[in-house]
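Trainee: any chance you could fold what I've pasted below:
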Amino acid sequence: MKKFVTTTLLAAAGLSLAACDVDQTEEGEMPEMSVEEGNMPEYDVETADVDVGTEEETIEVPTLDVDGPDDAEGEPVTDPGE
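Mentor: As a prediction, the model looks like this:
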């Protein structure tokens, strides 16, 4: 049912677009304009004072012990010849 409704709506939309007949009755043209010299605004900007530095710090990284499946112990997962 959903497919039927979608198809019907698409067909109706297609027919309504095909029923339009558009004819150009007058040529268009770009408007004429002139550009004159202008003045850019000036800004007085005071930025923040940022001090960037480095310092050495030691962090402790946890160790992980990962156990694989028991039946694959000692066997490579992939063929070393690949």
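Trainee: low-confidence ranges in the chain?
Mentor: 16-20, 68-82 (pLDDT under 70).
Trainee: ok, which stretches of it are helices?
Mentor: 2-18 (DSSP state H).
Trainee: quick one, strands of it?
Mentor: Ranges of strands within the chain: none, based on DSSP state E.
Trainee: what's Gln24 in contact with, if anything?
Mentor: Not one residue lies near Gln24 by Cβ atoms under 8 Å, 6 or more residues apart in numbering. All C-beta atoms are positioned from the backbone trio N, CA, C, and that covers glycine.
Trainee: any idea how far it lies from Pro31?
Mentor: Using Cβ to Cβ, to the nearest Å, Gln24 is found at 19 Å from Pro31.
Trainee: what's the answer for Thr47, then?
Mentor: 42 Å.
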